[in-house]
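In: Please work out how this folds:
(2 chains)
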Amino acid sequence: MSVDSIIRDSATSRRGLRWWNLVVRELVVFLRTSFGSVFSREFLTVLIPLLILWEVLPRLGVVPRTLVPPPSAVVVTFRDMVVDLNMAEHLTSSAIRFTSGFLLALVTAFPIGVLMGWNLFIRKHALPLFQILAPVPPPAWVPITIILFGVGLPMQIFLIFLGVFYPILFNTYQGIKETDPRYLASARVFGASEFTLITRVYIWHALGSVIMGIKIGIALGLIMLVIAEMYGGRSGLGWLLLEAKEYFQIDRMVVCMVLLGFIGWFLIEVMKYIELKLAVWRIGR
Amino acid sequence: MKLLQTYLVLGAFLLLTFLLIAGCQDRAPSQQSPAPKVSVPRIGYNPNPLLGPLYAAQSNGRSWELTKFGTGGDVGYSLISGDIDAGFVETEKALKLIKAPGGEKLKVAGAIQFPYGATLVVRKDLKVRLSDLTGKKIAALEADCILNHQFNTDARRHGLDSKTLKFSYMPFADMLPALEAKVIDGALVKGAHAVLAELQGHKIIYQNWDIKAGADDCCPPSIAQTEYFLLVREQSVEKVKPLITALVKASELPPTQLRQAISSQLGYPVAALEQYPTASFAIVSPEQIKLLGEQRCLLTR
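Out: A predicted model of the protein is given here:
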């Protein structure tokens, strides 16, 4: 083996190691910021007594145990559901639907929001339409969506898309529109083109608003996921929740509700982490 | 400041505990849904062509109030909460409901029954005959069910080897939504579900009414032909008795009158209903009493 190849190999492995270290470091940062807020002393003083109450009241018979299953029973039910109902498959189905609808909304709402915020001509033509359509509650779209797409995956994705689209659109638009004119003037002094202004000034200024829109979109998207899974197919967390409701399995309903809450919390923490990385100047506000 | 914080947290917990306890208590009769001045029983149901006797009884004069619900599950929760006095709940759900929290206060007063039969329904967009089904995805209740055995025998006679079909097992109630969602190509259902499927536009390509219900474990004889149970709250038994009598009487009406009642309630053309038998109401049978337990049944004999 030549000296060159040894140097090349060690450089490659060093790069690999550096990349791995970076991933681990960022994972630690993410876990610290996300779980840090859950395990903070302030929140634990609320969470622990709540969990104790939830466990103790049904056990003492103060509230019916079957109507309010205690956390220990919920954990056992969750384990049973993982084993008996192939929970991983249901979670995967829901994840595919949610991700598809969410990404579709993100790649359409964000550019439209940017264009509406940046250009008065586009804004005057497009904004009123969205302002009329946005107040229509997404569940009200269900019958029309079924007629348009039939009952199935496209319909489900479209319903989730509807839930996520408007919060991202309006927050992006607002963030872009409120860009400080002094930043724009400064950039123009240095000869920045309109494209440079959009990619280097507007979008970065609106980043906080966009991420806030995405966070709201995640919550609404999860609501729409449950509604969408009411129709068509026999899979997904929403379907499990509704099936448990129809067959009076309250413990299973609680498991699904806790899981939906956890997924929503996790996704919002991911967005907080992205904000931490991209919009450093907003941290601590 | 710290003292104030402690008081605030304590206050919040006390309030939460109070709300939780209050929310989970049974409602006293005086607090139940706006008490009607004339005490007419409220009957919950999910509109369905199988409830012909109910519609017929309704059109023959009434001393009760019908309340529509979206699903049998909603009827069940309204029964538990006391919003309604009685309600029609699908068999499988009713069996779960009487064992669920609050379900111990309910009694089974009777059942809506429909002839058993085996039917293969295929999706409305498929243009196939029985012999063209090779490789198609078919929903069935269980592998070892009399419906499957009968279908396999009949299919072989029509040149279809049922081993070439991809069977997917699910409850009858889930088959129609699965057909609509195109998750399956066809469904092997019992008679009552065939009616619902065809009214939604799906096609029947095989039907055999000559099946003895309850000849296997997957469809126990006591409930094989039962589509709905009429569940009654213990406190409302007396109020609901006239309805039970009216339902039994309505079941004795000629099928044309029952179809007319269904048609006027749900808007289906009578001609579309004519090719099917009609559902009937019967008070709980000795087999059902054996299955459910005497204390869970309302004995009106």
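
In: which is the next helix or strand following the helix or strand of chain B with the lowest mean pLDDT?
Out: Lowest mean confidence among the helices and strands of chain B (mean pLDDT, DSSP states H and E): helix B:2-24, at a mean of 60. Using DSSP states H and E, the helix or strand that follows helix B:2-24 towards the C-terminus is strand B:42-45.

In: Keeping just the C-alphas, turn the helix or strand following that following strand into PDB.
Out: The C-terminal neighbour of strand B:42-45 among helices and strands, as given by DSSP H and E, is helix B:52-59. Taking Å, rounded to 0.1, in the frame of the first residue of the first chain, the C-alpha atoms of helix B:52-59 are listed here in PDB:
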ATOM      1  CA  GLY B  52     -87.900  -1.300   7.800                       C
ATOM      2  CA  PRO B  53     -90.000  -2.300  10.800                       C
ATOM      3  CA  LEU B  54     -89.100   0.800  12.600                       C
ATOM      4  CA  TYR B  55     -90.100   3.000   9.700                       C
ATOM      5  CA  ALA B  56     -93.300   1.100   9.300                       C
ATOM      6  CA  ALA B  57     -94.100   1.400  13.000                       C
ATOM      7  CA  GLN B  58     -93.300   5.100  12.800                       C
ATOM      8  CA  SER B  59     -95.800   5.700   9.900                       C
END
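
In: tell me which residues of the helix or strand following helix B:52-59 are tucked away?
Out: Scanning forward in sequence from helix B:52-59 by DSSP H and E, the next helix or strand is strand B:65-68. For strand B:65-68, a neighbour-count test (16 or more other C-beta atoms under 10 Å in any protein chain shown) marks B:Leu66, B:Thr67 as buried. C-beta: built from backbone N, CA, C; applies to glycine.

In: What is the subsequent helix or strand relative to the helix or strand encompassing A:Lys245?
Out: In this assignment (DSSP H and E), A:Lys245 forms part of helix A:237-246. Heading C-terminal from helix A:237-246, the first helix or strand you meet, by DSSP H and E, is helix A:250-278.

In: now that next one: mean pLDDT?
Out: Taken as a whole, helix A:250-278 has a mean pLDDT of 91.

In: close to chain B, is that helix?
Out: Yes: residues of helix A:250-278 contacting chain B under C-beta under 8 Å from any C-beta of the partner chain: A:Ile250.

In: could you give the angle of that helix to helix A:237-246?
Out: Following axes from the mean of the first three to the mean of the last three C-alpha atoms, to 10 degrees, one obtains 150 degrees for the angle between helix A:250-278 and helix A:237-246.

In: one step back: looking only at pLDDT, what's the mean for the helix holding A:Lys245?
Out: For helix A:237-246, the mean per-residue pLDDT is 91.

In: which secondary structure elements does it contact?
Out: helix A:87-118, helix A:203-228, helix A:250-278, helix B:72-81 (3 or more C-beta pairs under 8 Å, 6 or more residues apart in numbering or on different chains; DSSP states H and E).

In: Relative to chain A, which residue of the stretch 151-300 of chain B is the closest?
Out: When scored by C-beta to the nearest C-beta, the stretch 151-300 of chain B has B:Ala181 as its residue closest to chain A, at 3.2 Å.

In: hmm, back to that, who touches the helix holding A:Lys245?
Out: Here helix A:237-246 makes contact (C-beta atoms under 8 Å, 6 or more residues apart in numbering or on different chains) with A:81, A:85, A:90-91, A:94, A:225-230, A:233, A:250, A:252-253, A:256-257, A:259-260, A:263, B:71-73, B:93.

In: Buried only: go through the residues you listed for me.
Out: Among the contacts of helix A:237-246, those buried by neighbour count (16+ other C-beta under 10 Å) are A:81, A:90-91, A:94, A:225-230, A:233, A:250, A:252-253, A:256, A:259-260, A:263, B:71-73, B:93.

In: thinking again about what came up before, let me know which of the helices and strands packed on helix A:237-246 is the nearest to A:Arg65.
Out: Among the helices and strands packed on helix A:237-246, the nearest to A:Arg65 by C-beta to C-beta is helix A:250-278 (9.8 Å).

In: what's the angle between the host helix or strand of A:Thr45 and helix A:250-278?
Out: Per DSSP H and E, A:Thr45 falls inside helix A:41-60. On the basis of the same axes, to 10 degrees, helix A:41-60 is oriented at 170 degrees to helix A:250-278.

In: Which elements pack onto helix A:41-60?
Out: Contacts defined by 3+ C-beta pairs under 8 Å, 6+ apart place helix A:41-60 against helix A:71-84, helix B:2-24.

In: circling back to that earlier point, of all the helices and strands packed on helix A:237-246, which one comes closest to A:Glu42?
Out: The closest of those to A:Glu42 is helix A:250-278. By C-beta to C-beta, the value is 16.5 Å.

In: Tell me the residue of the stretch 1-150 of chain A that sits nearest chain B?
Out: Relative to chain B, the nearest point of the stretch 1-150 of chain A is A:Thr66 (3.4 Å; C-beta to the nearest C-beta).

In: you'd agree that residue is up against B:Pro101?
Out: Yes: contact criterion C-beta atoms under 8 Å: A:Thr66 and B:Pro101 qualify, at 3.4 Å.

In: and for those two, which residues touch both?
Out: Overlap of the contact sets of A:Thr66 and B:Pro101 (by C-beta under 8 Å, 6+ apart) consists of A:Ile250.
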